[in-house]
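Q: dropping a prediction and its sequence here:
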2 protein chains.
Amino acid sequence: MTLEEQVLERIKPSPAEKEKLQEVASELLARVSTVARINGIEGIVPKLVGSAARNTWISGTHDLDVFISFPESASREELEENGLLIAREVAENGTNVEERYAEHPYLNIHYKGFDVDLVPCFAVESAAEIKSAVDRTPFHNEFIKMSITGREDDVLIMKQFMKGTGTYGSELRTQGFSGYLTELLIVHYGSFRNLIISACNWKPGLVIDMLEHGTLKHEDPLVVVDPTDPKRNVAAALSLNQFARFIDACRSYYDEPSEEYFFPKCKEPMSDDEIIKMINSRRSAFVAIYFNPPDLVDDILYPQLDKMEQAIRALFEEYEFHVINSGYWANEEAIILIELTTSQLPFVKKHRGPPVWSYAHAKGFKDKYVGSDELFSLYIEDGFYIADIRRKFTTAKELLEGKLQQCSLGKHLCKTVESGFTILENTDIAKVNDPNFRKFLRKWEQGR
Amino acid sequence: MTLEEQVLERIKPSPAEKEKLQEVASELLARVSTVARINGIEGIVPKLVGSAARNTWISGTHDLDVFISFPESASREELEENGLLIAREVAENGTNVEERYAEHPYLNIHYKGFDVDLVPCFAVESAAEIKSAVDRTPFHNEFIKMSITGREDDVLIMKQFMKGTGTYGSELRTQGFSGYLTELLIVHYGSFRNLIISACNWKPGLVIDMLEHGTLKHEDPLVVVDPTDPKRNVAAALSLNQFARFIDACRSYYDEPSEEYFFPKCKEPMSDDEIIKMINSRRSAFVAIYFNPPDLVDDILYPQLDKMEQAIRALFEEYEFHVINSGYWANEEAIILIELTTSQLPFVKKHRGPPVWSYAHAKGFKDKYVGSDELFSLYIEDGFYIADIRRKFTTAKELLEGKLQQCSLGKHLCKTVESGFTILENTDIAKVNDPNFRKFLRKWEQGR
């Protein structure tokens, strides 16, 4: 049995598991129809979409996407009102009911061991005429069901490969490959193996347009034109780094296939001793900004953490601290971790002024500094005035305490930072005990 | 009495001093004629040139430039042979006779308290047809004598202003204003006062072409076309910094005239305590490369010291040490002094490799680093491979010891460095006792 067959054996749902899923899905679809009829809501078509409907789901995942399709003639108000009404009655048999929002509200429930989304949508003529983003999904479903037959196993193996290499998932936290994107790539390249081989030579700017109907130019590293909508790039959420990491993973796997690409060993949390040893062996300066994150869904929280990390990097560089690496981590607590070449700068700072021949600016510059307490000395270099002045922030800690609140942070994190944060330096980061943070630290030790 | 009149009183030679100079000059000129005649060398015309001949010399300077002018028909060999023969016989009445070299050999002697150059040259028709660089000087002499009358005092005051502000002298150590350039500027602007006022608004790219006969484009900050040679920029030796410093000095003097611009207070050598205090108050890292300089004339030594300083700056920046300031000083000993933000870097160094999609380079990069002792971790960032590796030189001292000899140094200093140098760090620079070095250190404290 080949490695890929062995992997498939571990991830392919058993007949019993499939039957169970089919049974639950059928129940839900029937229930939607019944509820609609009872409430006198006409023209409703319930649809199972997503990987469950396409036979591309991995054993153990129990996600069901049930779409409640309204006629195109329905108004937005009718859809929202009646859609939720139906969903709520269906949800009466489930638990953990939660109202969530995409473009429209929808319900997420637990039902007989499944995680179920009940999503109202419009049954439009074509994906190019959608009234709401979710209306596209049924078309994706049709296209994949039509074209994937016989290659479902390749999708399963590829999804597992992406999960194992950290490139699966199009949510903002991951910025990797979505399920639909993975399916399209298998349709296009024909098999897991062919996709692996082809991706070894991918370059940014690659355009895959299976139906040769794309109408827009996209700037993304990978463009996969949606077969159901010529204007849309299915790979728009894929970041340059994830694109690159996938290429790198495909090459390594091609050179030396191993089970680890699918089922990587779990990173061990670093021990106190390991943290101390790592920091000493690098002799760089670790600075952690530690705070309680606001209660937000990941797709809002993670972009804000990313923005905060970038803002802090920019702050450090502006004040002449040099950033080696940075990252963020969030769980119950949140941490932006920055590795600097040094956390302490000289008291003296070289400040370049105007060129000497710029008379008015020269006067302003000299008036400002000559005789001032902050001036060490003023001189001319390469035709410019230079003032050696007293540096305002000489340690990373002082800088963060003095300037972090004025950084350009996301709305929610801005408030969080106002209400206070803690700075941990160097081996003090070992005061954070969360094992997930300790795993996150392995990045600095082993690479991402 | 105005300030400028007071200055003039201190620097203008007295009638007795002028008479003495005239007397000695006449003796020397007569002696040149006599010696030529005795030796049967025909067509020789002795000429007094330079500031002594133009009444633009400052009291106390005792320099005489005696040119031994040969007919244009003389060959280069005749000029060198007979020129030196005459000079040597004239020199018999002098002391400290030294043969020096410009384009031709000439003699420098001490004679009755004067420093005398005896320089053979060709009497060409015009400065545009010179056979040797020194042939130009008699033309300069004629032009200035013709046009400076009545403004000699303005030249004196301006020369003293330039001396006081460190901008006088066209030798490579100073890269400032030559005597001839100063005289031309006074001719052009008409007076000391007008030159000061005009220079306040100077900008690089200024062209002064009194006879409107310039034929070449020069890239220098200041272009003063030689009235005796349309191709030549008299200000070619003036550096951008000295140009800027002069502008700056003129403005400050214009705003607040004071004797100090002409007769600055002598800088006091810094004491040990002052040195220690200065270094601690800046909290930067001082690194001095200390060695015995080769025995060279200033115009050869100083450019090489400058080159060495630039090479060391470049070396530091290449290895990620950040230079705040640098300078060199030479006397019996020589020192290149560098001020760094820090003299110690982390063990870890971020090394950027090729972009991931560059397949061949990617393979080479990974082959080199994966599994190597020097690797901390390898990862992908912004589409590029990054290796966090062990830094080769983590202290300034190690870097200099390991790499200084491979720097691009001048021929002579290269040998010197090969035979060894000492590195002094921070307060250890107070081990150098030479008071001139201690004055040089004031630059860091007070500005240049």
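A: Thanks, I have the structure now. Numbering: from 1, shown residues only, chains lettered A, B, ... in the order given.

Q: contacts and neighbour counts: CA atoms only from here.
A: Will do.

Q: list of residues touching the top helix by length along chain A?
A: When chain A is parsed with DSSP state H, its longest helix is helix A:15-38. In this structure, residues lying in contact with helix A:15-38 by CA atoms under 8 Å, 6 or more residues apart in numbering or on different chains are A:42, A:44-48, A:52, A:59, A:62, A:64, A:66, A:68, A:86-87, A:89-90, A:112.

Q: of those, buried ones?
A: The neighbour count (16 or more other CA atoms under 10 Å in any protein chain shown) marks A:44-48, A:52, A:59, A:62, A:64, A:66, A:68, A:86-87, A:90 as buried among the contacts of helix A:15-38.

Q: quick revisit: average pLDDT for the longest helix of chain A?
A: Mean pLDDT, computed over helix A:15-38, is 96.

Q: in PDB, list the C-alpha atoms belonging to it.
A: C-alpha atoms of helix A:15-38 as PDB (Å, rounded to 0.1, in the frame of the first residue of the first chain):
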ATOM      1  CA  PRO A  15     -19.600   3.500   5.100                       C
ATOM      2  CA  ALA A  16     -21.300   3.700   8.500                       C
ATOM      3  CA  GLU A  17     -20.000   7.200   9.100                       C
ATOM      4  CA  LYS A  18     -21.200   8.300   5.700                       C
ATOM      5  CA  GLU A  19     -24.600   6.700   6.300                       C
ATOM      6  CA  LYS A  20     -25.000   8.400   9.600                       C
ATOM      7  CA  LEU A  21     -24.200  11.800   7.900                       C
ATOM      8  CA  GLN A  22     -26.600  11.100   5.100                       C
ATOM      9  CA  GLU A  23     -29.300  10.200   7.600                       C
ATOM     10  CA  VAL A  24     -28.900  13.400   9.700                       C
ATOM     11  CA  ALA A  25     -28.700  15.600   6.600                       C
ATOM     12  CA  SER A  26     -31.900  14.100   5.200                       C
ATOM     13  CA  GLU A  27     -33.700  14.700   8.500                       C
ATOM     14  CA  LEU A  28     -32.600  18.300   8.500                       C
ATOM     15  CA  LEU A  29     -33.600  18.900   4.800                       C
ATOM     16  CA  ALA A  30     -37.000  17.300   5.400                       C
ATOM     17  CA  ARG A  31     -37.500  19.400   8.500                       C
ATOM     18  CA  VAL A  32     -36.800  22.600   6.700                       C
ATOM     19  CA  SER A  33     -39.400  21.700   4.100                       C
ATOM     20  CA  THR A  34     -42.000  20.800   6.700                       C
ATOM     21  CA  VAL A  35     -41.400  23.900   8.700                       C
ATOM     22  CA  ALA A  36     -41.800  26.100   5.600                       C
ATOM     23  CA  ARG A  37     -45.000  24.400   4.600                       C
ATOM     24  CA  ILE A  38     -46.500  24.700   8.100                       C
END
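
Q: what's the first helix or strand after that helix?
A: Going down the chain from helix A:15-38, the next helix or strand is strand A:45-49, by DSSP states H and E.

Q: hmm, who's touching that next one?
A: Taking CA under 8 Å, 6+ apart as the rule, strand A:45-49 contacts A:25, A:29-30, A:32-33, A:64-70, A:137-138, A:141.

Q: off-centre distance for stretch A:14-21?
A: Put simply, stretch A:14-21 sits 31 Å off its chain's centre (CA atoms, centre = their mean, to the nearest Å).

Q: contacts only, for the residue in the stretch 51-200 of chain A that chain B sits nearest to.
A: Using CA to the nearest CA, the single residue of the stretch 51-200 of chain A nearest to chain B is A:C200, 7.7 Å away. The contact partners of A:C200, taken as CA under 8 Å, 6+ apart, are A:I247, A:D248, A:C250, A:R251, B:Y359.

Q: hmm, A:V124 is touching A:I130, no?
A: Yes - using CA atoms under 8 Å, A:V124 is in contact with A:I130, at 6.0 Å.
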